[in-house]
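Student: 3D model of this:
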Amino acid sequence: MISINSLTVAYGGFVLLNDINFHISENDKIGLVGKNGAGKSTILKLICGLQSPTSGKVAVPGGMKIGYLPQIMEHHKGRTVIEEAMLAFADMFALEAELEAISMELAQREDYESQGYHDLIVRMNDVNDRLSYSRSENPRVQAEKTLIGLGFKYEELERLTETFSQGWNMRIELAKILLSKPDVLLLDEPTNHLDIESIEWLEGYLKDYRGSLVLISHDRKFLDNVTNRTVEIMVGRIHDYKVPYSKYLELRKERLAQQQAAYENQQRMIEKTEEFIERFRYKPTKSNQVQSRVKQLEKLERIEVDIEDKSTLAVKFPPAPRSGDIAFKGVDLKVGYGEKIVFSDAQIEVRRGEKVALVGRNGEGKTTLMRVIMNELDPKEGSAKIGYNVNVGYYAQNQEDILDKEDTVFGTLDRIAVGDIRLKLRDILGAFLFKGEDIDKKVAVLSGGERARLAMAKLILKPYNLLALDEPTNHMDIRSKDILKQALKSYDGTLIIVSHDRDFLDGLVDKLYEFRDGKVKEHLGGVQDFLERRKLETLNELERHYKPVAEEKPVEVIQKKEEAKQEYEAKKYISKEERKIRNRISFLEKGIEELEEKQSKIEEILANPGPEDDIMELTRSYLENKRELDFKMAEWEKLSESIE
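Tutor: Predicted structure coming up:
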């Protein structure tokens, strides 16, 4: 499908990618891995044609549809979430309009034997075929499913896009790309702004995706579950492994060991050969043998050992001073901003030495609780207290706002360091990969990963006994995340962490607080314990539950659904598939009810229209709603029958 041939990218004297070659085949699910700055995002831009190589070329077949999600993008304003997502079907709607125009023209023409009439028939059949291929389900239903899978609530779909954060707008762009069903998906860190529930949904979607995928991600579990091939960029060159990420690590280790052994054997052979040549160079009786050995060395293909970039973080947190038994306690907490209540009636207790994760949908209050812990936000009701002798080290998610952009890397630490630690600032910065001239860089020019490392370095300066970390692994490569995880496991203080990285949390935390629907619930154990205890494979099952509203539905249908629901709740175990079906039924019922309300209002107006009412527009809306209602009712009936 897509071929990358002898491709080189250089900036001045620096070579980023050096004569690389690989092929993206149909149905390949490729994980593109390497350290921050290795050139992963550059490869995606080259495939899209957004950047040109210094030499070599990228061959993309004509007509191939590519969907590209960059790390940073501009977001559109003035449309609702559902309206923006529906733009993904612009090509399909254009085909429908063309089909309607052809049909009208054919109805008016009578030159049945002409070439023009024949061409219209051929074009109509072609458009019909293309529509039947792309129109497997009602577009709005597809858009709703995808948006809700990515974490939006049904009632949020009619909100304007500008009322959402950058992270939520990224989800809208991702939804548009998925809905457009491209031949090749290029995703650059798609999980950076997703919570655990949405990551699980996206993971399931990509597993079933029938096109090719090139994925950049620092989420090890995500890569393992989605990809079947790993392409590593290391010091400008690539190494291609036809396996997922974890298996690639094993094969990579074996390859480097074999390469090193072969190199050492060859070096020993070369050394002995050179010794022989030097020893008998001037001995006439050995001249033929010497010449033979010289030619042997000249023809020898030298084994090169791949230069491995082994620079990694060297994180070790100072010993934590002893604190009281309770590190933080919140009683009957009600927290919000202005009139908006984020969560209420929360009971939270973190004891000395515990490692606790805050999980849940974005916007449910995880970062808000961090602000309460840091005394940046007062609860509206209840009490929030830090324990005796607790000293909090805080890593904020928004490093963009926290760090002084005009300060240097060294100055950022030098301003807050006191005592003997000031003599070790260069060593600390070196441990966080700031070496040589890097320490004189201004914060403004640092990448997201570099800012994350600098903010983490600040936590080493003082012996904190409570670390409050809000998404510390965003922008970190996998190797750095592994080292940070081991450092936190060895840390003898208390840890409260917000993270959507399941692999990072697994084995690190021993308690979770789940933020959902304005409530906070405690779960003892780790992430896997939490999933197994709920008999769920994905956390997104916890998020999407829509209660059916029964005002305008036939009484017998509602009674039947309520009885089925009670029977369902009474069962000890419900399969994952059945749970999905029932959640979908509830979602459809809410949509059907809203559509029926709209139809009822239109019918009232049409029955007694006023002079200002647009009868044509009302009729059009009525027919569109009816078509959508028919789709939803058909799906609702089919799903209802499947669980009876």
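
Student: only C-alpha atoms for contact and neighbour calcs from this point on.
Tutor: Noted.

Student: once you drop chain neighbours, what's closest to Lys286?
Tutor: Phe280 (6.2 Å; CA to CA, 6 or more residues apart in numbering).

Student: ok, that neighbour - contacts?
Tutor: Taking CA atoms under 8 Å, 6 or more residues apart in numbering as the contact definition, Phe280 lies against 286-287, 290.

Student: now secondary structure and neighbour count too, for the residues you listed, in CSV please.
Tutor: Output for these, formatted as CSV (DSSP: H, G, I helix; E, B strand; the rest coil; neighbours: other CA atoms under 10 Å):
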residue, secondary structure, neighbour count
Lys286, helix, 15
Ser287, helix, 14
Val290, helix, 22
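
Student: turn those into TSV, columns for distance to Met370 and pLDDT.
Tutor: As requested, the contacts of Phe280 are arranged in TSV below (distance: CA to CA, whole Å; pLDDT from 0 to 100):
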residue	distance to Met370	pLDDT
Lys286	80	78
Ser287	80	82
Val290	75	83
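
Student: tell me the one among those nearest to Leu333.
Tutor: Proximity of those to Leu333 (CA to CA) peaks at Val290, which lies at 87.0 Å.

Student: and the residue positioned nearest the centre of the chain, how close does it get to Val527?
Tutor: Centroid-nearest residue in the chain: Thr191, 1.2 Å away (criterion: CA atoms, centre = their mean). Distance of Thr191 to Val527, computed by CA to CA, to the nearest Å: 18 Å.

Student: that older thread, what kind of secondary structure is the residue nearest to the centre of the chain in?
Tutor: coil (DSSP: H, G, I helix; E, B strand; the rest coil).

Student: let me know whether it touches Ile199 as I believe.
Tutor: Yes - between Thr191 and Ile199 there is a contact at 6.3 Å, judged by CA atoms under 8 Å.

Student: can you list the low-confidence ranges for this structure?
Tutor: In the predicted model, the chain carries pLDDT under 70 at residues 132-137, 305-313, 399-401, 531-577, 579, 644.

Student: got the buried residues for the longest helix seen in the chain?
Tutor: When the chain is parsed with DSSP state H, its longest helix is helix 245-280. By neighbour count on 16 or more other CA atoms under 10 Å, the buried set for helix 245-280 is 245, 248, 252, 259-260, 263, 266, 270, 273, 276-277.

Student: dump those residues into JSON lines; add distance to Lys435 as well.
Tutor: Shown next, in JSON lines, are those (distance: CA to CA, whole Å):
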{"residue": "Tyr245", "distance to Lys435": "29"}
{"residue": "Tyr248", "distance to Lys435": "30"}
{"residue": "Arg252", "distance to Lys435": "28"}
{"residue": "Gln259", "distance to Lys435": "30"}
{"residue": "Gln260", "distance to Lys435": "28"}
{"residue": "Tyr263", "distance to Lys435": "31"}
{"residue": "Gln266", "distance to Lys435": "35"}
{"residue": "Ile270", "distance to Lys435": "37"}
{"residue": "Thr273", "distance to Lys435": "42"}
{"residue": "Phe276", "distance to Lys435": "45"}
{"residue": "Ile277", "distance to Lys435": "45"}
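
Student: out of those residues, who's nearest Ala455?
Tutor: The nearest member of these to Ala455, counting by CA to CA, is Tyr245 at 28.4 Å.

Student: show me the contacts for that closest one.
Tutor: Contacts of Tyr245 (CA under 8 Å, 6+ apart): 31, 220, 223-224, 227, 229-230.

Student: in TSV, list these along with distance to Lys57, neighbour count and secondary structure.
Tutor: Converted to TSV, those look like this (distance: CA to CA, whole Å; neighbours: other CA atoms under 10 Å; DSSP: H, G, I helix; E, B strand; the rest coil):
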residue	distance to Lys57	neighbour count	secondary structure
Gly31	21	27	strand
Arg220	30	19	helix
Leu223	27	24	helix
Asp224	30	18	helix
Thr227	25	23	coil
Arg229	22	22	strand
Thr230	21	26	strand
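
Student: please convert the residues you listed to TSV, extending it with distance to Phe328.
Tutor: Formatted as TSV, these follow (distance: CA to CA, whole Å):
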residue	distance to Phe328
Gly31	40
Arg220	32
Leu223	36
Asp224	36
Thr227	41
Arg229	45
Thr230	43
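
Student: tell me which two in those are the farthest apart.
Tutor: Among the contacts of Tyr245, Arg220 and Arg229 lie farthest apart (CA to CA), at 13.3 Å.

Student: check the gap between Leu213 and Ile30 for me.
Tutor: When Leu213 is compared with Ile30 (using CA to CA), they lie 6 Å apart.

Student: now swap in Val443 and tell me
Tutor: In terms of CA to CA, Val443 sits 33 Å off from Ile30.

Student: okay, these two: which has more neighbours?
Tutor: Neighbours per residue (other CA atoms under 10 Å) separate Val443 from Ile30, with Ile30 holding more: 27 against 22.
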